[in-house]
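In: Predicted model follows, preceded by the sequence.
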Amino acid sequence: MRVVVIGGGVVGAASAWSLALRGIDVTLVEQFGLGHRNGASHGSSRIFRIAYDDHTYTELAVHAGRLWCELDSVSGEEPVLRCTGAVDHGPAAVTASRARSVERTGRPFELIDRREAEKRWSGMRFDQTVLYHRDAGRLHADRAVASIISRARERGADVQHHRPVRAIHDAGAALEIVTDVGVVRADRLVIAAGAWTEQVVDMVPESDRATIDLPELRTSQEQPAHFAPTATDHDWPSFVHHPGADLDESHHAGGIYGLASEDGIKIGEHATGPEVTPAGRSFTPDPAGEQRLREYARQWLPGVEPDSAQSLTCLYTCTPDHDFVIDRGGRVTVAAGFSGHGFKFAPAVGEYVADLTLGESTLPVSGLARLFGFGSRVR
Ligand SMILES: Cc1cc2nc3c(=O)[nH]c(=O)nc-3n(C[C@H](O)[C@H](O)[C@H](O)COP(=O)(O)OP(=O)(O)OC[C@H]3O[C@@H](n4cnc5c(N)ncnc54)[C@H](O)[C@@H]3O)c2cc1C
């Protein structure tokens, strides 16, 4: 069987890797170059954490963590996953429910008094309740995608950059994927096209497209910023500061996430950016958004220089409830809507996409059909 994957972000790369590991003849086509800045998977950092309200996400993250470690153990390169632990802080109900989810996995966690937390992580101030879990940290996004692509190639995947897909034809037994450079034939197709998903799905022949259950996808331009740390000896866990307790919700209604990276301490708001199209976006950060992050840093992060903010932009593509959509219609599997939290799950999602595409079932996580809500079924 020959499978073509459209999209060389983290989800398409991980899908191609998983298919290649199973000995499938797989070709990945990506419109831009490796490490490009036009989608969602670039940059130096993403949070890896397992503390989720929904236990299926927690289980999926635990499985993904194993796969990130496997990737690092076979790569022989500098690890892409660095375990620094992670902190959730905010209202008691939020930290308690996440603690219960981590507890169900048997992984360690601590509920810590905020003053104790401030002694431990002196670059941060903490809200009313604090949950710490150790099996968490950060991923180097650019190196992670590059490593997955290298591992996929080692297993025989044909990865082609600078190959925009322009059309998809029904050629009877096969699909023909038309790129600027040539035509690739496929028995099965995976679309992992991020913010371009609807555009690519529209190219799919009607007989396959009719049964793809794609919800409305909203794409926004988000803008985290890097801040210079004031000292080199602060320890930085990855963190999520949840609204509902002492956080000023008139400014930060959706909460704040943050983590250390080689570019500084990155902090960001969740899904507050303007709706855009990938072709029409500005790449220019909104000054008001940057100002809100500076104010947050001034109030909550004594370990950074608040006026040192360097903003960057990145695309979120979200379903209405921010759960992912992974669905198959006929010969075509679509994986999209990974929102602001999809990176960490990518190797597990890649396995699931490969399962769905091949009609197999290997993932040791139950409840995914519910989690991926709109589809996740083979028709
Ligand atoms: C600011 C920000 C912070 C985030 N923080 C975190 C975090 O801390 N932790 C976490 O787990 N997740 C985080 N995420 C989410 C995560 O990064 C994304 O969910 C993930 O990268 C989505 O990957 P993707 O492969 O679906 O999309 P993309 O990376 O956008 O990949 C889609 C690819 O498809 C290609 N493509 C599209 N159309 C075509 C075509 N016609 N022909 C060929 N190729 C095509 C595109 O060029 C693109 O490379 C964050 C996201 C952002 C934006």
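Out: Looks like it arrived, so ask away.
In: pLDDT value on residue 365, please?
Out: Residue 365 is assigned 79 on the pLDDT scale.
In: and it, how far is that from the ligand?
Out: 16 Å (CB to the nearest ligand atom, to the nearest Å). Yep, even glycine has a C-beta here, placed from its N, CA and C like the rest.
In: what's the distance between that residue and residue 355?
Out: Distance, residue 365 to residue 355, by CB to CB, to the nearest Å: 11 Å.
In: Check residue 271 too.
Out: 29 Å.
In: Same check on residue 158?
Out: According to CB to CB, residue 158 stands 21 Å off from residue 355.
In: Next, give phi and psi for the residue in the stretch 101-250 of the chain that the ligand sits nearest to.
Out: Using CB to the nearest ligand atom, the single residue of the stretch 101-250 of the chain nearest to the ligand is residue 194, 2.6 Å away. Main-chain dihedrals, residue 194, degrees, to the nearest 10: phi 50, psi -130.
In: Now name the helix or strand holding the spatially closest residue to residue 367 that is not a sequence neighbour.
Out: In space, and not counting its chain neighbours, residue 367 is closest to residue 56: 4.0 Å by CB to CB, 6 or more residues apart in numbering. Taking DSSP states H and E as the definition, one finds residue 56 inside helix 55-75.
In: For the next helix or strand along the chain from that helix, buried residues please.
Out: Later in the chain than helix 55-75, the nearest helix or strand by DSSP H and E is strand 81-83. By neighbour count with 16 or more other CB atoms under 10 Å, strand 81-83 contains the buried residues 81-82.
In: Paired strands for strand 81-83, with orientation please.
Out: Paired strands of strand 81-83, with direction, are strand 137-139 (antiparallel) (DSSP bridges).
In: quick one: average pLDDT of the partner strand?
Out: 98.
In: Pull the residues that contact that strand.
Out: Outside strand 137-139, the residues that touch it by CB atoms under 8 Å, 6 or more residues apart in numbering are 45-48, 68, 80-86, 237-238, 259-261, 343-344.
In: Does it reach the ligand?
Out: No. Judged by CB under 6 Å from any ligand atom, strand 137-139 makes no contact with the ligand; its nearest approach is 7.3 Å.
In: what's the angle between the helix or strand just after that strand and helix 55-75?
Out: Once strand 137-139 ends, the next helix or strand along the chain (criterion: DSSP H and E) is helix 141-154. Computed with axes from the mean of the first three to the mean of the last three CA atoms, to 10 degrees, the direction of helix 141-154 lies at 70 degrees from that of helix 55-75.
In: now what about helix 141-154, what contacts it?
Out: Identification of contacts with helix 141-154 by CB under 8 Å, 6+ apart yields 8-10, 13-14, 16-17, 20, 26, 28, 34-35, 41-46, 68, 71-72, 74-75, 77-78, 80-81, 159, 343, 346-347, 350.
In: For residue 256, see how far away residue 289 is.
Out: Residue 289 is 12 Å from residue 256, where distance means CB to CB.
In: And the pLDDT at residue 343?
Out: Here the pLDDT value assigned to residue 343 is 98.
In: Wait, residue 136 touches residue 81, no?
Out: No. Contact criterion CB atoms under 8 Å: residue 136 and residue 81 do not qualify, at 9.9 Å.
In: overlap in contacts of these two?
Out: Listed as contacting both residue 136 and residue 81 by CB under 8 Å, 6+ apart are residue 48.
In: and residue 88, what helix or strand is that in?
Out: Using DSSP H and E, residue 88 falls in strand 86-90.
In: Which strands and helices lie in contact with that strand?
Out: Counting contacts by 3 or more CB pairs under 8 Å, 6 or more residues apart in numbering; DSSP states H and E, strand 86-90 packs against helix 92-105, helix 114-120, strand 129-133, strand 238-241.
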